[in-house]
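1. Structure here, sequence nowhere to be found:
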(Lines give C-alpha, C1' and ligand atoms only; values in the text may rest on other atoms or scores of the structure.)
Protein backbone atom coordinates (compact mmCIF):
# COMPACT_ATOMS: atom_id res chain seq x y z
CA UNK A 1 0.00 0.00 0.00
CA UNK A 2 2.90 2.33 0.79
CA UNK A 3 4.49 1.81 -2.60
CA UNK A 4 1.16 2.25 -4.40
CA UNK A 5 0.68 5.44 -2.42
CA UNK A 6 4.22 6.46 -3.41
CA UNK A 7 3.38 5.99 -7.07
CA UNK A 8 0.26 8.07 -6.63
CA UNK A 9 2.27 10.66 -4.69
CA UNK A 10 4.83 10.80 -7.51
CA UNK A 11 2.10 11.40 -10.01
CA UNK A 12 0.59 14.08 -7.79
CA UNK A 13 3.99 15.63 -7.27
CA UNK A 14 4.63 15.78 -11.01
CA UNK A 15 1.24 17.43 -11.54
CA UNK A 16 2.12 19.96 -8.86
CA UNK A 17 5.46 20.66 -10.51
CA UNK A 18 3.72 21.02 -13.90
CA UNK A 19 1.26 23.51 -12.43
CA UNK A 20 4.07 25.46 -10.76
CA UNK A 21 6.01 25.56 -14.03
CA UNK A 22 2.87 26.72 -15.86
CA UNK A 23 2.44 29.59 -13.41
CA UNK A 24 6.10 30.50 -13.66
CA UNK A 25 5.97 30.33 -17.45
CA UNK A 26 2.97 32.65 -17.56
CA UNK A 27 4.66 35.08 -15.23
CA UNK A 28 7.84 35.06 -17.31
CA UNK A 29 5.78 35.49 -20.48
CA UNK A 30 4.18 38.63 -19.14
CA UNK A 31 7.59 39.98 -18.07
CA UNK A 32 9.26 39.49 -21.45
CA UNK A 33 6.22 40.24 -23.57
CA UNK A 34 7.16 43.96 -24.06
CA UNK A 35 10.66 43.06 -25.18
CA UNK A 36 9.30 40.48 -27.58
CA UNK A 37 6.82 42.98 -28.96
CA UNK A 38 9.63 45.49 -29.48
CA UNK A 39 11.80 42.77 -31.07
CA UNK A 40 14.57 43.21 -28.56
CA UNK A 41 16.04 39.68 -28.16
CA UNK A 42 19.07 41.07 -26.36
CA UNK A 43 16.82 42.44 -23.61
CA UNK A 44 15.10 39.09 -23.33
CA UNK A 45 18.47 37.35 -23.05
CA UNK A 46 19.46 39.80 -20.35
CA UNK A 47 16.35 39.10 -18.30
CA UNK A 48 16.43 35.31 -18.61
CA UNK A 49 19.26 34.53 -16.12
CA UNK A 50 17.58 36.55 -13.39
CA UNK A 51 14.25 34.89 -14.07
CA UNK A 52 15.91 31.45 -13.99
CA UNK A 53 17.45 32.28 -10.63
CA UNK A 54 14.12 33.37 -9.20
CA UNK A 55 12.26 30.28 -10.48
CA UNK A 56 15.19 27.84 -9.96
CA UNK A 57 14.53 26.60 -13.48
CA UNK A 58 16.27 26.80 -16.81
CA UNK A 59 14.47 29.36 -18.98
CA UNK A 60 14.50 29.15 -22.76
CA UNK A 61 12.65 31.44 -25.23
CA UNK A 62 11.99 30.04 -28.70
CA UNK A 63 10.42 31.84 -31.65
CA UNK A 64 7.76 30.35 -33.85
CA UNK A 65 10.29 28.79 -36.22
CA UNK A 66 12.03 26.90 -33.40
CA UNK A 67 15.03 29.20 -33.14
CA UNK A 68 16.29 29.84 -29.60
CA UNK A 69 16.43 33.58 -28.96
CA UNK A 70 17.25 33.36 -25.21
CA UNK A 71 18.53 30.71 -22.79
CA UNK A 72 19.58 30.97 -19.16
CA UNK A 73 22.31 28.33 -19.37
CA UNK A 74 23.60 28.40 -22.93
CA UNK A 75 24.48 30.82 -25.73
CA UNK A 76 21.42 31.07 -27.99
CA UNK A 77 23.59 31.28 -31.05
CA UNK A 78 25.12 27.89 -30.38
CA UNK A 79 21.87 26.11 -29.56
CA UNK A 80 20.27 24.02 -32.27
CA UNK A 81 16.78 24.42 -33.51
CA UNK A 82 13.99 23.45 -31.07
CA UNK A 83 11.19 23.09 -33.54
CA UNK A 84 11.12 19.32 -33.05
CA UNK A 85 11.19 19.29 -29.27
CA UNK A 86 8.10 17.39 -27.98
CA UNK A 87 7.03 20.08 -25.55
CA UNK A 88 7.39 22.78 -28.30
CA UNK A 89 5.39 20.70 -30.73
CA UNK A 90 2.64 20.09 -28.12
CA UNK A 91 2.60 23.78 -27.14
CA UNK A 92 2.26 24.78 -30.81
CA UNK A 93 -0.83 22.64 -31.09
CA UNK A 94 -2.59 22.96 -27.73
CA UNK A 95 -0.92 25.95 -26.14
CA UNK A 96 1.29 24.09 -23.69
CA UNK A 97 3.24 20.88 -23.41
CA UNK A 98 5.59 19.16 -21.04
CA UNK A 99 7.31 15.97 -19.98
CA UNK A 100 10.47 14.42 -18.67
CA UNK A 101 13.29 13.75 -21.10
CA UNK A 102 17.05 14.06 -21.42
CA UNK A 103 18.41 17.40 -22.50
CA UNK A 104 20.67 17.32 -25.59
CA UNK A 105 22.20 20.58 -24.51
CA UNK A 106 23.05 20.06 -20.84
CA UNK A 107 22.86 16.25 -20.99
CA UNK A 108 20.62 15.86 -17.93
CA UNK A 109 17.12 14.54 -17.31
CA UNK A 110 14.83 17.53 -17.06
CA UNK A 111 11.13 18.20 -16.66
CA UNK A 112 10.20 20.48 -19.58
CA UNK A 113 7.18 22.74 -19.77
CA UNK A 114 6.55 24.95 -22.79
CA UNK A 115 3.92 27.72 -23.01
CA UNK A 116 2.85 29.35 -26.30
CA UNK A 117 2.77 33.18 -26.39
CA UNK A 118 1.14 35.13 -29.16
CA UNK A 119 2.71 38.59 -29.48
CA UNK A 120 1.40 40.82 -32.29
CA UNK A 121 0.80 38.01 -34.71
CA UNK A 122 4.08 36.41 -33.76
CA UNK A 123 4.32 33.08 -31.96
CA UNK A 124 6.84 32.57 -29.18
CA UNK A 125 7.38 29.80 -26.72
CA UNK A 126 8.56 30.12 -23.12
CA UNK A 127 10.07 26.84 -21.98
CA UNK A 128 11.00 26.07 -18.41
CA UNK A 129 13.16 23.09 -17.49
CA UNK A 130 13.49 21.78 -13.99
CA UNK A 131 16.11 19.13 -13.16
CA UNK A 132 14.60 15.79 -12.37
CA UNK A 133 17.45 15.04 -9.98
CA UNK A 134 15.70 17.00 -7.28
CA UNK A 135 12.51 15.15 -7.98
CA UNK A 136 14.35 11.80 -8.00
CA UNK A 137 16.15 12.65 -4.78
CA UNK A 138 12.89 13.59 -3.11
CA UNK A 139 11.22 10.48 -4.45
CA UNK A 140 14.15 8.36 -3.25
CA UNK A 141 13.83 9.90 0.19
CA UNK A 142 10.15 9.16 0.06
CA UNK A 143 10.77 5.56 -1.10
CA UNK A 144 13.47 5.09 1.55
CA UNK A 145 11.12 6.34 4.24
CA UNK A 146 8.40 4.07 2.94
CA UNK A 147 10.83 1.12 2.79
CA UNK A 148 12.05 1.72 6.33
CA UNK A 149 8.51 2.12 7.55
CA UNK A 150 7.40 -1.00 5.67
CA UNK A 151 10.40 -2.96 6.96
CA UNK A 152 9.72 -1.94 10.54
CA UNK A 153 6.06 -2.76 10.07
CA UNK A 154 6.92 -6.15 8.58
CA UNK A 155 9.40 -6.86 11.38
CA UNK A 156 6.84 -5.91 14.01
CA UNK A 157 4.22 -8.00 12.21
CA UNK A 158 6.64 -10.95 11.97
CA UNK A 159 7.43 -10.73 15.67
CA UNK A 160 3.76 -10.52 16.55
CA UNK A 161 2.92 -13.39 14.17
CA UNK A 162 5.79 -15.47 15.53
CA UNK A 163 4.67 -14.92 19.11
CA UNK A 164 1.07 -15.69 18.23
CA UNK A 165 2.03 -18.70 16.09
CA UNK A 166 4.43 -19.96 18.76
CA UNK A 167 1.74 -19.58 21.39
CA UNK A 168 -0.65 -21.66 19.30
CA UNK A 169 1.98 -24.03 17.88
CA UNK A 170 3.77 -24.97 21.13
CA UNK A 171 0.87 -27.02 22.49
CA UNK A 172 0.43 -28.62 19.07
CA UNK A 173 4.16 -29.45 18.93
CA UNK A 174 3.98 -30.87 22.44
CA UNK A 175 0.89 -32.88 21.50
CA UNK A 176 2.69 -34.15 18.38
CA UNK A 177 5.74 -35.19 20.44
CA UNK A 178 3.40 -36.77 22.98
CA UNK A 179 1.67 -38.77 20.22
CA UNK A 180 5.07 -39.88 18.86
CA UNK A 181 6.09 -40.97 22.38
CA UNK A 182 2.88 -42.99 22.68
CA UNK A 183 3.65 -44.62 19.33
CA UNK A 184 7.04 -45.69 20.78
CA UNK A 185 5.43 -47.19 23.87
CA UNK A 186 6.13 -44.37 26.38
CA UNK A 187 2.73 -44.63 28.05
CA UNK A 188 3.88 -42.97 31.29
CA UNK A 189 4.38 -39.63 29.56
CA UNK A 190 1.81 -36.84 30.12
CA UNK A 191 1.00 -33.36 28.75
CA UNK A 192 1.63 -30.96 31.65
CA UNK A 193 0.82 -27.68 29.84
CA UNK A 194 -2.32 -26.05 31.21
CA UNK A 195 -4.41 -24.97 28.25
CA UNK A 196 -8.00 -23.90 27.81
CA UNK A 197 -10.43 -24.36 25.00
CA UNK A 198 -10.16 -27.09 22.42
CA UNK A 199 -6.40 -27.58 23.02
CA UNK A 200 -7.00 -28.13 26.72
CA UNK A 201 -9.81 -30.58 26.02
CA UNK A 202 -7.61 -32.44 23.54
CA UNK A 203 -4.71 -32.55 26.05
CA UNK A 204 -6.96 -33.97 28.77
CA UNK A 205 -8.37 -36.55 26.36
CA UNK A 206 -4.86 -37.58 25.26
CA UNK A 207 -3.68 -37.90 28.87
CA UNK A 208 -6.67 -40.10 29.65
CA UNK A 209 -6.00 -42.15 26.54
CA UNK A 210 -2.32 -42.59 27.52
CA UNK A 211 -3.33 -43.71 31.00
CA UNK A 212 -5.85 -46.19 29.59
CA UNK A 213 -3.37 -47.44 26.99
CA UNK A 214 -0.66 -47.86 29.63
CA UNK A 215 -2.99 -49.88 31.82
CA UNK A 216 -4.16 -51.95 28.87
CA UNK A 217 -0.64 -52.59 27.55
CA UNK A 218 0.63 -53.44 31.04
CA UNK A 219 -2.20 -55.91 31.53
CA UNK A 220 -1.70 -57.30 28.02
CA UNK A 221 2.04 -57.69 28.63
CA UNK A 222 1.35 -59.37 31.94
CA UNK A 223 -1.22 -61.70 30.37
CA UNK A 224 1.16 -62.51 27.52
CA UNK A 225 4.01 -63.19 29.94
CA UNK A 226 1.75 -65.46 31.99
CA UNK A 227 0.61 -67.23 28.84
CA UNK A 228 4.19 -67.71 27.61
CA UNK A 229 5.25 -68.91 31.05
CA UNK A 230 2.39 -71.39 31.16
CA UNK A 231 3.16 -72.59 27.64
CA UNK A 232 6.88 -72.88 28.40
CA UNK A 233 6.19 -74.93 31.53
CA UNK A 234 3.76 -77.29 29.79
CA UNK A 235 4.89 -80.73 28.82
CA UNK A 236 2.23 -80.72 26.09
CA UNK A 237 3.18 -79.15 22.79
CA UNK A 238 1.00 -76.23 21.65
CA UNK A 239 0.92 -74.63 18.20
CA UNK A 240 -1.44 -71.74 17.41
CA UNK A 241 -2.04 -70.58 13.83
CA UNK A 242 -4.23 -67.98 12.17
CA UNK A 243 -6.99 -68.71 9.66
CA UNK A 244 -4.35 -69.05 6.88
CA UNK A 245 -2.47 -71.65 8.98
CA UNK A 246 0.44 -69.29 9.68
CA UNK A 247 2.09 -70.08 13.00
CA UNK A 248 1.58 -67.28 15.56
CA UNK A 249 2.53 -69.08 18.78
CA UNK A 250 4.52 -72.19 19.63
CA UNK A 251 6.19 -73.57 22.75
CA UNK A 252 9.35 -75.60 23.30
CA UNK A 253 7.48 -78.83 23.94
CA UNK A 254 5.86 -78.72 20.48
CA UNK A 255 9.23 -78.12 18.83
CA UNK A 256 10.79 -81.03 20.72
CA UNK A 257 7.92 -83.44 20.11
CA UNK A 258 7.44 -82.67 16.40
CA UNK A 259 11.09 -82.03 15.57
CA UNK A 260 11.40 -78.42 14.37
CA UNK A 261 13.15 -75.21 15.48
CA UNK A 262 10.99 -73.00 17.67
CA UNK A 263 12.67 -69.67 16.92
CA UNK A 264 12.11 -69.85 13.16
CA UNK A 265 8.56 -71.23 13.29
CA UNK A 266 6.46 -68.05 13.90
CA UNK A 267 5.32 -66.50 10.62
CA UNK A 268 5.69 -69.70 8.61
CA UNK A 269 2.85 -71.87 7.39
CA UNK A 270 2.02 -74.98 9.36
CA UNK A 271 3.12 -77.26 6.52
CA UNK A 272 6.55 -75.61 6.54
CA UNK A 273 7.02 -76.47 10.22
CA UNK A 274 5.20 -79.76 10.81
CA UNK A 275 6.08 -82.55 8.40
CA UNK A 276 3.45 -85.08 9.51
CA UNK A 277 0.81 -85.62 6.82
CA UNK A 278 -1.94 -86.69 9.21
CA UNK A 279 -1.59 -83.54 11.33
CA UNK A 280 -1.64 -81.31 8.23
CA UNK A 281 -4.65 -83.10 6.75
CA UNK A 282 -6.57 -82.92 10.04
CA UNK A 283 -5.73 -79.22 10.41
CA UNK A 284 -7.12 -78.42 6.96
CA UNK A 285 -10.27 -80.47 7.52
CA UNK A 286 -10.94 -79.06 11.01
CA UNK A 287 -10.43 -75.49 9.79
CA UNK A 288 -12.86 -76.10 6.93
CA UNK A 289 -15.47 -77.63 9.28
CA UNK A 290 -15.58 -74.87 11.90
CA UNK A 291 -16.20 -76.05 15.45
CA UNK A 292 -15.01 -79.62 14.86
CA UNK A 293 -12.48 -81.20 17.22
CA UNK A 294 -10.29 -84.18 16.40
CA UNK A 295 -8.08 -86.34 18.61
CA UNK A 296 -5.91 -89.12 17.26
CA UNK A 297 -2.80 -91.15 18.07
CA UNK A 298 0.53 -90.97 16.26
CA UNK A 299 3.64 -93.02 16.57
CA UNK A 300 6.14 -94.10 16.86
CA UNK A 301 7.74 -90.82 15.67
CA UNK A 302 11.44 -90.71 16.47
CA UNK A 303 10.78 -93.20 19.23
CA UNK A 304 7.79 -91.32 20.67
CA UNK A 305 4.05 -91.96 20.76
CA UNK A 306 1.90 -88.83 20.54
CA UNK A 307 -1.73 -87.96 21.16
CA UNK A 308 -2.71 -85.02 18.94
CA UNK A 309 -5.76 -82.78 19.37
CA UNK A 310 -6.72 -80.30 16.64
CA UNK A 311 -9.44 -77.69 17.13
CA UNK A 312 -10.34 -74.16 16.06
CA UNK A 313 -10.69 -71.00 18.14
CA UNK A 314 -12.88 -69.39 19.31
CA UNK A 315 -14.97 -72.38 20.34
CA UNK A 316 -18.74 -72.57 20.71
CA UNK A 317 -21.86 -72.77 18.55
CA UNK A 318 -22.36 -68.99 18.63
CA UNK A 319 -18.71 -68.29 17.81
CA UNK A 320 -18.00 -66.37 14.59
CA UNK A 321 -15.86 -67.67 11.76
CA UNK A 322 -12.73 -69.40 13.16
CA UNK A 323 -9.83 -67.03 13.64
CA UNK A 324 -7.25 -69.80 13.81
CA UNK A 325 -6.25 -73.30 14.77
CA UNK A 326 -4.83 -74.95 17.89
CA UNK A 327 -2.72 -78.10 17.66
CA UNK A 328 -1.98 -79.76 21.02
CA UNK A 329 0.43 -82.71 21.18
CA UNK A 330 0.77 -84.89 24.25
CA UNK A 331 3.64 -87.34 24.71
CA UNK A 332 2.09 -90.70 25.58
CA UNK A 333 5.34 -92.62 25.19
CA UNK A 334 5.63 -93.26 28.91
CA UNK A 335 2.04 -94.46 29.10
CA UNK A 336 2.56 -96.76 26.13
CA UNK A 337 5.75 -98.07 27.70
CA UNK A 338 3.95 -98.60 31.00
CA UNK A 339 1.32 -100.59 29.16
CA UNK A 340 4.00 -102.65 27.45
CA UNK A 341 5.89 -103.10 30.73
CA UNK A 342 2.70 -104.16 32.47
CA UNK A 343 1.98 -106.71 29.78
CA UNK A 344 5.58 -107.90 29.92
CA UNK A 345 5.48 -107.98 33.72
CA UNK A 346 2.28 -110.02 33.75
CA UNK A 347 3.73 -112.38 31.17
CA UNK A 348 7.01 -112.70 33.12
CA UNK A 349 5.28 -113.27 36.46
CA UNK A 350 2.97 -115.80 34.87
CA UNK A 351 5.92 -117.59 33.34
CA UNK A 352 7.96 -117.49 36.54
CA UNK A 353 5.02 -118.81 38.57
CA UNK A 354 3.90 -121.39 36.06
CA UNK A 355 7.21 -123.26 35.87
CA UNK A 356 7.61 -124.05 39.62
CA UNK A 357 3.88 -124.58 40.02
CA UNK A 358 3.89 -127.04 37.14
CA UNK A 359 6.84 -128.89 38.67
CA UNK A 360 5.21 -128.97 42.13
CA UNK A 361 1.89 -130.13 40.70
CA UNK A 362 3.57 -132.84 38.63
CA UNK A 363 5.51 -134.27 41.57
CA UNK A 364 2.44 -134.14 43.83
CA UNK A 365 0.43 -136.03 41.24
CA UNK A 366 3.27 -138.53 40.94
CA UNK A 367 3.29 -139.04 44.70
CA UNK A 368 -0.47 -139.43 44.79
CA UNK A 369 -0.33 -142.00 42.01
CA UNK A 370 1.72 -144.32 44.20
CA UNK A 371 5.22 -143.00 44.30
CA UNK A 372 4.76 -142.44 48.04
CA UNK A 373 5.25 -146.17 48.48
CA UNK A 374 8.90 -145.77 47.47
CA UNK A 375 10.69 -143.94 50.33
CA UNK A 376 13.70 -143.05 48.17
CA UNK A 377 11.62 -141.41 45.40
CA UNK A 378 9.38 -139.74 47.95
CA UNK A 379 12.35 -138.04 49.61
CA UNK A 380 13.75 -136.91 46.25
CA UNK A 381 10.39 -135.61 45.03
CA UNK A 382 9.71 -133.75 48.26
CA UNK A 383 13.15 -132.13 48.05
CA UNK A 384 12.32 -130.92 44.52
CA UNK A 385 8.95 -129.64 45.69
CA UNK A 386 10.66 -127.80 48.55
CA UNK A 387 13.20 -126.21 46.20
CA UNK A 388 10.53 -124.90 43.87
CA UNK A 389 8.41 -123.78 46.79
CA UNK A 390 11.37 -121.78 48.09
CA UNK A 391 11.78 -120.31 44.63
CA UNK A 392 8.13 -119.22 44.66
CA UNK A 393 8.57 -117.75 48.13
CA UNK A 394 11.66 -115.81 47.06
CA UNK A 395 9.83 -114.59 43.97
CA UNK A 396 6.85 -113.36 45.98
CA UNK A 397 9.14 -111.72 48.54
CA UNK A 398 11.11 -109.95 45.82
CA UNK A 399 7.90 -108.77 44.17
CA UNK A 400 6.68 -107.39 47.47
CA UNK A 401 10.02 -105.69 48.05
CA UNK A 402 9.98 -103.98 44.63
CA UNK A 403 6.37 -102.93 45.17
CA UNK A 404 7.30 -101.47 48.54
CA UNK A 405 10.26 -99.55 47.07
CA UNK A 406 8.19 -98.15 44.19
CA UNK A 407 5.24 -97.18 46.39
CA UNK A 408 7.41 -95.47 49.03
CA UNK A 409 9.72 -92.86 47.43
CA UNK A 410 10.93 -91.80 50.90
CA UNK A 411 12.99 -94.35 52.78
CA UNK A 412 11.62 -95.57 56.12
CA UNK A 413 13.83 -95.14 59.18
CA UNK A 414 16.47 -92.92 57.62
CA UNK A 415 19.53 -92.89 59.83
CA UNK A 416 23.28 -92.42 59.64
CA UNK A 417 24.49 -95.76 58.30
CA UNK A 418 27.98 -97.09 58.92
CA UNK A 419 28.58 -98.24 55.37
CA UNK A 420 31.73 -100.21 56.21
CA UNK A 421 29.95 -102.30 58.82
CA UNK A 422 26.98 -102.83 56.45
CA UNK A 423 29.28 -104.10 53.68
CA UNK A 424 31.15 -106.48 56.00
CA UNK A 425 27.87 -107.84 57.40
CA UNK A 426 26.51 -108.53 53.91
CA UNK A 427 29.75 -110.26 52.91
CA UNK A 428 29.76 -112.43 56.06
CA UNK A 429 26.22 -113.66 55.29
CA UNK A 430 27.36 -114.98 51.90
CA UNK A 431 30.80 -116.19 52.92
CA UNK A 432 29.57 -119.75 53.56
CA UNK A 433 27.92 -120.08 50.14
CA UNK A 434 31.10 -118.77 48.48
CA UNK A 435 33.25 -121.20 50.42
CA UNK A 436 30.91 -124.03 49.39
CA UNK A 437 31.92 -123.27 45.79
CA UNK A 438 35.56 -122.89 46.80
CA UNK A 439 35.42 -119.19 45.88
CA UNK A 440 37.61 -116.50 47.46
CA UNK A 441 35.55 -113.63 48.89
CA UNK A 442 37.64 -110.63 50.03
CA UNK A 443 36.54 -107.31 51.48
CA UNK A 444 38.95 -104.40 51.12
CA UNK A 445 37.65 -101.13 52.63
CA UNK A 446 39.41 -97.86 53.50
CA UNK A 447 39.96 -97.30 57.23
CA UNK A 448 37.64 -94.31 57.56
CA UNK A 449 34.69 -94.97 55.29
CA UNK A 450 32.14 -92.13 55.72
CA UNK A 451 28.62 -92.71 56.94
CA UNK A 452 25.68 -92.24 54.58
CA UNK A 453 22.08 -91.31 55.27
CA UNK A 454 19.65 -94.08 54.47
CA UNK A 455 18.25 -97.42 55.56
CA UNK A 456 20.80 -99.96 56.77
CA UNK A 457 18.61 -102.98 55.92
CA UNK A 458 18.10 -101.83 52.33
CA UNK A 459 21.78 -101.08 51.82
CA UNK A 460 22.71 -104.47 53.26
CA UNK A 461 20.19 -106.06 50.91
CA UNK A 462 21.70 -104.24 47.92
CA UNK A 463 25.28 -105.34 48.72
CA UNK A 464 24.07 -108.91 49.48
CA UNK A 465 22.31 -109.11 46.11
CA UNK A 466 25.44 -107.96 44.28
CA UNK A 467 27.68 -110.43 46.16
CA UNK A 468 25.14 -113.26 45.75
CA UNK A 469 24.84 -112.49 42.05
CA UNK A 470 28.62 -112.56 41.66
CA UNK A 471 28.83 -115.89 43.53
CA UNK A 472 26.15 -117.51 41.36
CA UNK A 473 27.82 -116.59 38.06
CA UNK A 474 31.42 -117.28 39.12
CA UNK A 475 32.66 -120.82 38.63
CA UNK A 476 34.19 -122.87 41.43
CA UNK A 477 37.56 -121.59 42.54
CA UNK A 478 36.75 -118.07 41.34
CA UNK A 479 37.39 -114.81 43.09
CA UNK A 480 34.99 -112.10 44.37
CA UNK A 481 36.37 -108.75 45.58
CA UNK A 482 34.33 -106.18 47.50
CA UNK A 483 36.02 -102.76 47.67
CA UNK A 484 35.07 -99.16 48.37
CA UNK A 485 36.50 -95.80 47.34
CA UNK A 486 35.75 -92.16 48.15
CA UNK A 487 35.69 -89.00 46.01
CA UNK A 488 34.54 -85.47 46.87
CA UNK A 489 30.81 -86.15 46.84
CA UNK A 490 30.25 -89.92 46.67
CA UNK A 491 31.34 -93.23 48.09
CA UNK A 492 31.57 -96.06 45.56
CA UNK A 493 31.08 -99.73 46.50
CA UNK A 494 32.44 -102.18 43.90
CA UNK A 495 31.69 -105.87 43.65
CA UNK A 496 34.00 -107.52 41.09
CA UNK A 497 34.26 -111.15 40.02
CA UNK A 498 36.11 -113.19 37.43
CA UNK A 499 33.04 -115.17 36.39
CA UNK A 500 31.35 -115.80 33.05
CA UNK A 501 30.66 -112.11 32.35
CA UNK A 502 27.76 -110.49 30.52
CA UNK A 503 27.47 -110.00 26.75
CA UNK A 504 27.59 -106.35 25.62
CA UNK A 505 24.12 -106.50 24.05
CA UNK A 506 22.58 -107.53 27.40
CA UNK A 507 24.24 -104.87 29.57
CA UNK A 508 21.58 -102.12 28.99
CA UNK A 509 18.76 -104.43 30.20
CA UNK A 510 20.17 -106.39 33.10
CA UNK A 511 18.54 -104.08 35.66
CA UNK A 512 15.07 -104.73 34.24
CA UNK A 513 12.70 -106.96 36.18
CA UNK A 514 12.80 -110.66 35.22
CA UNK A 515 15.54 -110.05 32.64
CA UNK A 516 18.03 -112.93 32.56
CA UNK A 517 21.02 -113.46 30.33
CA UNK A 518 20.73 -117.25 30.69
CA UNK A 519 17.19 -118.04 31.85
CA UNK A 520 17.59 -121.78 32.38
CA UNK A 521 20.82 -121.43 34.35
CA UNK A 522 19.46 -118.58 36.45
CA UNK A 523 16.33 -120.53 37.32
CA UNK A 524 18.35 -123.62 38.22
CA UNK A 525 20.37 -121.43 40.59
CA UNK A 526 17.22 -120.28 42.31
CA UNK A 527 17.30 -116.73 40.93
CA UNK A 528 14.10 -114.76 40.52
CA UNK A 529 15.36 -112.23 37.97
CA UNK A 530 14.54 -109.39 40.39
CA UNK A 531 17.76 -109.05 42.38
CA UNK A 532 19.46 -106.39 40.22
CA UNK A 533 16.18 -104.54 39.79
CA UNK A 534 15.89 -104.32 43.59
CA UNK A 535 19.48 -103.03 43.79
CA UNK A 536 18.65 -100.30 41.23
CA UNK A 537 15.57 -99.21 43.21
CA UNK A 538 17.53 -99.12 46.48
CA UNK A 539 20.30 -97.02 44.87
CA UNK A 540 17.77 -94.56 43.44
CA UNK A 541 15.89 -94.26 46.74
CA UNK A 542 19.22 -93.30 48.37
CA UNK A 543 19.97 -90.72 45.66
CA UNK A 544 22.67 -92.92 44.13
CA UNK A 545 23.32 -94.91 40.97
CA UNK A 546 24.28 -98.42 39.95
CA UNK A 547 26.26 -99.31 36.83
CA UNK A 548 28.19 -102.26 35.49
CA UNK A 549 31.08 -103.02 33.18
CA UNK A 550 31.58 -106.57 31.99
CA UNK A 551 33.03 -108.77 29.27
CA UNK A 552 32.25 -112.37 28.41
CA UNK A 553 34.59 -114.83 30.20
CA UNK A 554 36.38 -111.90 31.88
CA UNK A 555 34.06 -111.20 34.79
CA UNK A 556 31.87 -108.29 35.86
CA UNK A 557 32.21 -105.25 38.09
CA UNK A 558 29.15 -103.60 39.65
CA UNK A 559 29.53 -100.09 41.10
CA UNK A 560 27.07 -98.74 43.64
CA UNK A 561 27.56 -94.96 44.11
CA UNK A 562 25.98 -93.28 47.14
CA UNK A 563 26.10 -89.55 47.97
CA UNK A 564 28.08 -88.40 50.99
CA UNK A 565 25.97 -86.10 53.20
CA UNK A 566 27.35 -82.62 53.95
CA UNK A 567 29.28 -82.22 57.17
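-> Perfect, thanks for sending it. Values in this document were obtained by computation on a predicted structure and should not be read as measured data. Residues are numbered from 1 along each chain as shown.
2. need the strands for the stretch 151-300 of the chain, in chain order.
-> Under the criterion DSSP state E, counting those that start in this stretch, strands of the stretch 151-300 of the chain are mapped to 237-242, 247-250, 293-301.
3. Now those in JSON lines, please, with extra columns for mean pLDDT and mean neighbour count.
-> C-beta: built from backbone N, CA, C; applies to glycine. Converted to JSON lines, those look like this (pLDDT from 0 to 100; neighbours: other Cβ atoms under 10 Å):
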{"stretch": "strand 237-242", "mean pLDDT": "92", "mean neighbour count": "20"}
{"stretch": "strand 247-250", "mean pLDDT": "91", "mean neighbour count": "20"}
{"stretch": "strand 293-301", "mean pLDDT": "86", "mean neighbour count": "13"}
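4. For those, please prepare a markdown table with the additional fields distance to residue 155.
-> Listed next are these as a markdown table, based on distance: least, Cβ to Cβ, whole Å:
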| stretch | distance to residue 155 |
| --- | --- |
| strand 237-242 | 62 |
| strand 247-250 | 62 |
| strand 293-301 | 79 |
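5. which residue ranges form the helices in the stretch 301-450 of the chain?
-> In the stretch 301-450 of the chain, the helices defined using DSSP state H, counting those that start in this stretch lie at 333-368, 375-407, 419-436.
6. Next: the chain.
-> Here the chain has its helices, by DSSP state H, at 2-37, 41-55, 86-94, 132-183, 197-233, 252-258, 270-273, 277-288, 333-368, 375-407, 419-436, 456-472, 519-524, 531-541.
7. For those, please prepare CSV with the additional fields mean pLDDT and distance to residue 71.
-> Below are the helices of the chain laid out as CSV (pLDDT from 0 to 100; distance: least, Cβ to Cβ, whole Å):
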stretch, mean pLDDT, distance to residue 71
helix 2-37, 84, 13
helix 41-55, 89, 7
helix 86-94, 89, 13
helix 132-183, 81, 19
helix 197-233, 84, 77
helix 252-258, 88, 115
helix 270-273, 91, 109
helix 277-288, 89, 113
helix 333-368, 79, 131
helix 375-407, 80, 145
helix 419-436, 91, 149
helix 456-472, 90, 150
helix 519-524, 52, 157
helix 531-541, 87, 141
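8. Out of the ones you listed, the one nearest residue 503 is which?
-> Of all the helices of the chain, helix 519-524 sits nearest to residue 503, with 13.7 Å by Cβ to Cβ.
9. coming back round to it: please tabulate the helices of the chain in a markdown table, including the columns distance to residue 494.
-> Formatted as a markdown table, the helices of the chain follow (distance: least, Cβ to Cβ, whole Å):
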| stretch | distance to residue 494 |
| --- | --- |
| helix 2-37 | 116 |
| helix 41-55 | 145 |
| helix 86-94 | 140 |
| helix 132-183 | 70 |
| helix 197-233 | 41 |
| helix 252-258 | 37 |
| helix 270-273 | 50 |
| helix 277-288 | 50 |
| helix 333-368 | 29 |
| helix 375-407 | 23 |
| helix 419-436 | 10 |
| helix 456-472 | 9 |
| helix 519-524 | 23 |
| helix 531-541 | 13 |
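10. Quick one: the ones you listed as TSV, columns for mean neighbour count and distance to residue 114 too.
-> Below are the helices of the chain laid out as TSV (neighbours: other Cβ atoms under 10 Å; distance: least, Cβ to Cβ, whole Å):
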stretch	mean neighbour count	distance to residue 114
helix 2-37	15	8
helix 41-55	17	14
helix 86-94	17	4
helix 132-183	12	16
helix 197-233	12	70
helix 252-258	20	110
helix 270-273	18	103
helix 277-288	16	106
helix 333-368	14	126
helix 375-407	14	140
helix 419-436	17	146
helix 456-472	22	147
helix 519-524	14	153
helix 531-541	21	137
